[in-house]
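Participant: pasting a predicted model and its sequence here:
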Amino acid sequence: MAARALRSFALGLGGNLGDVRGRIQACVLVLQQESRVCELRVSSLYQTPPWGDVDGGQFVNAAVSGMWQGTDLDLLYLCRSIESEFSSPVNKNGAARVLDVDVLFLDGGVSSSELELPHPRMSLRKFVLVPLCEVWSESVPGIGETPEELLKRVQDGSSIIFLGGLNTV
């Protein structure tokens, strides 16, 4: 069986219920130990207000990027399994978030209607783009612009508070 090619990817991590910092740290550890992930880069943590009609208070958000050796659905199911480890439902429906692990992009696109990439609202959300700028400086696959270029045009006026890196929490 031939080895699968490595593909660049990025995930958005966040939540606003309980020890989100601890769960993001645990999520990063799972990703670092995952054999199909390499060259993992981890952003700083940011505090942001809820975006849209979501219950609860302030969010803690981060982003990771790296190289993935697997299918698009393998990556999606890994994200869902991490969420389920913390009893976070896949369909949040406006509820406060224990932990969100969202696939932002995967080079080469997708092969299933179960996953839309790049994430359809990532270019609208400052809480996604600010941490993503730390870990991804190239054009976003499927968009053709860098996170920094997208951030310059984003109309999201919400505040972003830098919380530091995971090693300081």
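Facilitator: Here it is on my side, so go on.
Participant: which element, helix or strand, includes Leu76?
Facilitator: helix 72-85 (DSSP states H and E).
Participant: the very next helix or strand once past that helix vs helix 72-85, what angle?
Facilitator: Going down the chain from helix 72-85, the next helix or strand is strand 100-106, by DSSP H and E. When axes from the mean of the first three to the mean of the last three C-alpha atoms, to 10 degrees is applied, the directions of strand 100-106 and helix 72-85 differ by 160 degrees.
Participant: which elements pack onto strand 100-106?
Facilitator: strand 7-15, helix 72-85 (3 or more C-beta pairs under 8 Å, 6 or more residues apart in numbering; DSSP states H and E). For glycine as for every other residue, the C-beta is placed from the backbone atoms N, C-alpha and C.
Participant: so what strands line up beside the shortest one?
Facilitator: Right, strand 7-15. strand 59-68 (antiparallel), strand 100-106 (antiparallel) (DSSP bridges).
Participant: tell me which residues in the helix holding Leu76 are buried?
Facilitator: Neighbour counts over helix 72-85 (16 or more other C-beta atoms under 10 Å) mark Asp72, Leu75, Leu76, Leu78, Cys79, Ile82, Glu83 as buried.
Participant: could you redo those residues as TSV and give each row distance to Val98?
Facilitator: Formatted as TSV, the buried residues of helix 72-85 follow (distance: C-beta to C-beta, whole Å):
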residue	distance to Val98
Asp72	24
Leu75	20
Leu76	18
Leu78	17
Cys79	14
Ile82	11
Glu83	8
